[in-house]
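J.: Here is a sequence together with a model predicted from it:
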Amino acid sequence: MDEHIESATTSWGKRAEHGDVRALRRYNALLQRLMGIGEVSVYLLSALVVALFLWFLYMGNFENVIFTDGTDLTCILNGATGAIVNGK
């Protein structure tokens, strides 16, 4: 029974052996830069989403009305100008 346990290969309890410390430091620095870029991009994207929402809220025209009677001809009432446009 003890022979079976001794022959098992596992990394549990063994110290990690990393040979190139400089490569690990460069990798850690790269991860820190990527984390900083990710944080900035989250702030920029959230500001962009808020700006687009406000632009659509105040500049969007939600008063367009589409009239159709089942034929191929469709009329659109433009809420900004009040004119009826024949569309297809």
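T.: In hand now; what should we look at? The structure presented is a predicted model; accordingly, all values stated were derived computationally and were not measured.
J.: Follow the chain on from the longest helix that the chain contains and name the next helix or strand.
T.: Of all the segments assigned as helix in the chain under DSSP state H, the longest by residue count is helix 21-59. Per DSSP states H and E, the first helix or strand lying C-terminal to helix 21-59 is strand 65-68.
J.: What's the mean pLDDT across that following strand?
T.: If you average the pLDDT over strand 65-68, you get 78.
J.: So which elements touch that strand?
T.: strand 74-77 (3 or more C-beta pairs under 8 Å, 6 or more residues apart in numbering; DSSP states H and E). For every residue, glycine as well, the C-beta is placed using N, CA and C.
J.: Whichever helix or strand comes after the strand it packs on - which strands sit beside it in the sheet, and in what orientation?
T.: Counting by DSSP H and E, the next helix or strand C-terminal to strand 74-77 is strand 84-87. Strands that pair with strand 84-87, judged by DSSP bridges, come out as strand 74-77 (antiparallel).
J.: how far out from the middle of the chain is the strand it pairs with?
T.: With C-alpha atoms, centre = their mean, to the nearest Å as the basis, strand 74-77 stands 36 Å off its chain's centre.
J.: what does stretch 46-65 give?
T.: For stretch 46-65 - counting by C-alpha atoms, centre = their mean - the centre lies 19 Å from the chain centre.
J.: Check what contacts that stretch and list those residues.
T.: With contacts defined as C-beta atoms under 8 Å, 6 or more residues apart in numbering, stretch 46-65 is touched by 76-80.
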